[in-house]
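[1] Fold the following and give me the result.
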Amino acid sequence: MKKVHPEFAFQSRELEGQIEGTLGDPPNRKNYDMMVQALVSEYANGDGLDDVNMMAFALVDRIRFTDPKGLIREAIDYEGDDPAKVFAMANCDGADGNDEEGKAMYAAICENHPELARQAIVTAFLYKNQARWEDDDQSLDQLAKDDEGDDELDETAAGDDFTQIFDPEGERE
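    Prediction:
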């Protein structure tokens, strides 16, 4: 399993929450499909929000990944250096090659928003392939693991705020 950039991990979790929220409980596939169709149409027309998650949401049901190993490598660096390399690792032409609106959307986002499209493609990949990567453990237990506790105040020492109560004019000796 590969570690991915923390921002990609965050975006993937956000996409999952967005999809679950749109589907609702119980799942309403009709509302979800209408939302996705609206996003696809917007992006295919060259419009749409400049938002990684909205773009990934539009892509997630239509995108096909042709180079999963390459996309995992790209997920290490959030900014990346060559969006065209990522564009070649996926497509939206449908399983039968006849998804014209998907092709138009993919071409439009790659042309109009290359950096954002790169991030959205990798985010959609990570969302759809959660077993291929792992996130850094950001739990409080993990963050405190190597903490030596030297930044804690001595519990018997009085802080400046407390001593100021008894010395209102600041006349310390």
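[2] got the contact list for the closest residue to Gly48 other than its chain neighbours?
    Using C-beta to C-beta, 6 or more residues apart in numbering and skipping residues adjacent in sequence, the residue nearest Gly48 is Glu42, 4.0 Å away. In this view, the C-beta of every residue, glycine as well, is placed from N, C-alpha and C. Contact analysis of Glu42 by C-beta atoms under 8 Å, 6 or more residues apart in numbering lists Gly48, Leu49, Ala58.
[3] would TSV of those residues with neighbour count, secondary structure and distance to Phe125 be doable?
    Below are these laid out as TSV (neighbours: other C-beta atoms under 10 Å; DSSP: H, G, I helix; E, B strand; the rest coil; distance: C-beta to C-beta, whole Å):
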residue	neighbour count	secondary structure	distance to Phe125
Gly48	22	coil	19
Leu49	15	coil	20
Ala58	29	helix	14
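[4] Please tabulate those in TSV, including the columns pLDDT.
    Conversion of the contacts of Glu42 to TSV gives the following (pLDDT from 0 to 100):
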residue	pLDDT
Gly48	85
Leu49	87
Ala58	95
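[5] and the residues you listed as JSON lines, adding distance to Gln130?
    Output for these, formatted as JSON lines (distance: C-beta to C-beta, whole Å):
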{"residue": "Gly48", "distance to Gln130": "25"}
{"residue": "Leu49", "distance to Gln130": "24"}
{"residue": "Ala58", "distance to Gln130": "20"}
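[6] what's the closest of those residues to Trp133?
    Closest to Trp133 out of the contacts of Glu42 is Ala58 (21.8 Å), distances taken as C-beta to C-beta.
[7] so that closest one sits right up against Tyr106, yeah?
    No. Between Ala58 and Tyr106 there is no contact under C-beta atoms under 8 Å: 9.7 Å.
[8] pLDDT weak spots in this structure?
    Flagging of the chain using pLDDT under 70 yields the residue ranges 1, 135-173.
[9] any idea where the helices of this structure begin and end?
    Counting by DSSP state H, the chain has these helices, from start to end: 6-23, 29-44, 52-60, 68-74, 83-87, 100-112, 114-128, 140-144, 160-165.
[10] Relative to Glu134, which of those helices is closest?
    Comparing those by C-beta to C-beta, helix 6-23 comes nearest, at 8.5 Å.
[11] which outside residues touch that closest one?
    Applying C-beta under 8 Å, 6+ apart, the external contacts of helix 6-23 come out as 4, 29, 31-32, 35, 52-53, 56-57, 60, 75, 78, 119, 122-124, 126-127, 130, 133, 135-136, 138.
[12] All good on my end, thank you.
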